[in-house]
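>>> task: produce atomic coordinates for the following.
(chains A and B)
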Number of protein chains: 2
Amino acid sequence: MIKKSPLAPNFFPELPVIVGVEFATAAAGVKYIDREDVMLASISPGSTIAGVFTRSTTRAACVLDCQSKIGGDMSQGAAILVNSGNANAFTGVAGQESVDRICTAVAASLSLPTSAVFTSSTGVIGETLPDHKITKCVDSLTKSMRGDAIANAAKAIITTDTFEKGSTASIVVSGKTVHISGIAKGSGMIAPDMATMLAYIFTDAKILQPELQALLTDLNNKSFNCITVDSDTSTSDAVICAATGTSGVDVTRNEVFAKALKHVMLDLAHQVVKDGEGATKFVAVEVTGAASDEDARKVAMSIANSPLVKTAIAGEDPNWGRIVMAVGKSGAQADRDRLSIWLGPHLVAENGWVAKGYTEKTGTTYMKKRNLVIRVGLSIGSATTTVWTCDLTHKYIEINADYRS
Amino acid sequence: MIKKSPLAPNFFPELPVIVGVEFATAAAGVKYIDREDVMLASISPGSTIAGVFTRSTTRAACVLDCQSKIGGDMSQGAAILVNSGNANAFTGVAGQESVDRICTAVAASLSLPTSAVFTSSTGVIGETLPDHKITKCVDSLTKSMRGDAIANAAKAIITTDTFEKGSTASIVVSGKTVHISGIAKGSGMIAPDMATMLAYIFTDAKILQPELQALLTDLNNKSFNCITVDSDTSTSDAVICAATGTSGVDVTRNEVFAKALKHVMLDLAHQVVKDGEGATKFVAVEVTGAASDEDARKVAMSIANSPLVKTAIAGEDPNWGRIVMAVGKSGAQADRDRLSIWLGPHLVAENGWVAKGYTEKTGTTYMKKRNLVIRVGLSIGSATTTVWTCDLTHKYIEINADYRS
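A predicted model of the protein is given here:
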């Protein structure tokens, strides 16, 4: 693993065991040597499983396969197998054949229907997946399943990530505790070589599949869909959530559970940005006063994806002119003369001009911080949003241009 | 001027005098010292003037002012004044006041109505334009107007550009020659500090204003609107075309003239890309077989703007997986299994997989070229498009992050 991101958390969190979920990992040698690169999770009968996936029209075979299975019968249980090192994307008909062989092997070993086996692959695009390296590990994987091995799973799924990503939350309902444990990988929104975003979240809560799916979709729009590293979208992104029901607590339309799940998803999403390729700054972009939710998002993403804004952040340059530019090009309704811009607590510009009392020195001092907030007030309507991004540095160019894939 | 782009043309072209147009330049000291930073062009009575401008919602005052004047009465002649070093953008009410003072000074000096005076400003955003430095030069400018000084004008309007940009074409209609001379500046689609795109094109052709406007708008969509350096859009972009009619040749709906004008506009647009901040490669992205013109453009721009594609080009890496990714994220209709990708003459991928006979070595050798063509066949419909871009290099980060504005 290359040098850890300066934005990395101090440690991997203690993730509680979710009764009904077990993990095993193996070094299959798909691409990497000397490290584990496959993880298998088994999920107990009667669990419900929801998933959200990349909207790319060039989706990988495993994504299409997962999408066809979500919402099906999981009464006999389910399994998730993930490999790193090869994305099995843009591999023609061979792609689905690899997925089928892996699902068949896992299903046989765990006595499940293949329709209850989900797979993800992350790594290089366009190379056939050597699935025999994975299938030959399946029996030993299923023999070593453990409830407390989720941290190993977090390690096996990473590619160019500089740290493993985990998050947890728990709530108490009528004296019973409900746990959530999640893991993720990702360090660009994508680098097709190595950096798809994947997340797997497990809970012992009890909730019907359609309810879980609706909740996951809603919260995904407020978490993983609100981050961007380089505006590029993976062929393989997947977020899967499994609820085993083993806590005995029904969380249908339980707002406290929704909040806890959102916390885990947002925490994992933030960790992905903090591991953004070459990132040295973690930036929240807040937009207020937009004409519509869509406009708020357009403005926020325009700022968060602008190479000129992101290089200014890297250079610790309070270049608010570039923020004005990004608002202007977003396509959202905006009025130059109503626009306000803040850097953290500092009002920088208002009414179409630099704010009275703002000095370049104030901005320069603020930009030296590691965690930044850029806030834009449009003063048009009442819609708001927040998205998260990182800066664009020499290291990003190094990772993506200087070394051959 | 910093080191010339490796993609720069060998020399600035000889631009023919357009009878009815005269130029003068001055060192007003708006921001730069030791160089000319203001150009004035006077255009003879009875000329027609068309313009296309940035669609940014945070447009500079001079852009709004130009837009309000295009299509008005130019029977007494017209003038264009451009300064570099300060964009007069996001400068509140002071912005329009500066524009008004400059227009008043030019109008008085050339005996024109202020409604026939156009201005552009390019440079830093958010700083009040010291317009007195410009207005005090106006009388000496109008006294030194020359028909053969367009090359000086090309020099006075540049900012971070590493070379001056000019282009010309001429056609013969019924034994009479029609000339076109154009100049431009720009080296990012924008760096609000210094790099708006501006172009001024002059011709002695005779054409009514509405016809010229329609032609300019159409050709702009096929030239300046088909280039991208960093996906960022300026607050100040402007393309103005003046037709003096002094050749006596009516070019209304003359396809040969339209072709010649397109040549000049496309040539200037390509020069802007070739001066893209940090550019080392000039890349044409061709899309065929799209469901609609809009889809073709979405796919082409998604590839041309993708940081991962652009860094791969910088690294001379034939990473076609990133092209697949960019097609997938574009939002256009696409079918992974019908997609074909070429690098120049080399078929790299087809039917959702790497092409038979393609070797990494072929791709690697091709990517070493300075001028590249990436072609994507969608095999869905019959719409096609071509856009032009450059690579994303360390130098771009240096220019935009390492040095403070």
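>>> pLDDT below threshold where in the stretch 101-250 of chain A?
Across the stretch 101-250 of chain A, the ranges flagged by pLDDT under 70 are A:188-196, A:230-233.
>>> contacts only, for the nearest residue to A:I158 once chain neighbours are set aside.
Across the structure, with CB to CB, 6 or more residues apart in numbering or on different chains as the measure, the residue nearest A:I158 apart from its sequence neighbours is A:K185 (4.6 Å). Just so you know, the C-beta spots here come from the backbone N, C-alpha and C atoms, and that holds for glycine as well. For A:K185, the contacting residues are A:84, A:122, A:154, A:157-159, A:161, A:164-165, A:196-199, A:272, by CB atoms under 8 Å, 6 or more residues apart in numbering or on different chains.
>>> same question for A:I18.
A:I18 is in contact with A:G147, A:H179, A:I180, A:S181, A:F202, A:T203, A:D204, A:T244, A:T246, counting by CB under 8 Å, 6+ apart.
>>> so the fifth one is in which element?
What that stands for is A:F202. Counting by DSSP states H and E, the element that carries A:F202 is strand A:198-203.
>>> ok, that strand: who's next to it in the sheet?
Neighbouring strands of strand A:198-203 in its sheet, by DSSP bridges, are strand A:176-185 (antiparallel), strand A:238-243 (parallel).
>>> which of those is buried the deepest?
Each of those was scored by mean neighbour count; the highest is strand A:238-243, a mean of 27, by mean count of other CB atoms under 10 Å in any protein chain shown.
>>> show me where the stretch 1-150 of chain A has strands.
Taking DSSP state E, counting those that start in this stretch to define them, one finds strands in the stretch 1-150 of chain A at A:21-26, A:38-43, A:48-53, A:78-86, A:117-124.
>>> relative to the second one, what are the paired strands and their orientations?
Okay, so that is strand A:38-43. Strand A:38-43 has its sheet partners listed here by DSSP bridges as strand A:21-26 (antiparallel), strand A:78-86 (antiparallel).
>>> let's have the contacts of A:K185 in CSV, adding distance to B:K395 and neighbour count.
Listed next are the contacts of A:K185 as CSV, based on distance: CB to CB, whole Å; neighbours: other CB atoms under 10 Å in any protein chain shown:
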residue, distance to B:K395, neighbour count
A:S84, 33, 29
A:T122, 31, 33
A:A154, 37, 26
A:I157, 35, 27
A:I158, 31, 25
A:T159, 28, 24
A:D161, 28, 26
A:E164, 35, 23
A:K165, 33, 29
A:T196, 29, 33
A:M197, 29, 26
A:L198, 34, 25
A:A199, 36, 28
A:V272, 28, 25
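>>> can I get the residues you listed in CSV with distance to A:F12?
Formatted as CSV, these follow (distance: CB to CB, whole Å):
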residue, distance to A:F12
A:S84, 17
A:T122, 19
A:A154, 7
A:I157, 13
A:I158, 12
A:T159, 17
A:D161, 12
A:E164, 5
A:K165, 8
A:T196, 20
A:M197, 18
A:L198, 17
A:A199, 15
A:V272, 15
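>>> just name the closest of those to chain B, please.
Nearest to chain B among the contacts of A:K185 is A:T196, at 9.8 Å by CB to the nearest CB.
>>> circling back to that earlier point, give me the contact list for the strand holding A:F202.
Looking at what lies outside strand A:198-203 - CB under 8 Å, 6+ apart - the contacts are A:18, A:21, A:41, A:43, A:80, A:82, A:120, A:122, A:150, A:153, A:157, A:178-186, A:224, A:236-244, A:261, A:264-265, A:268.
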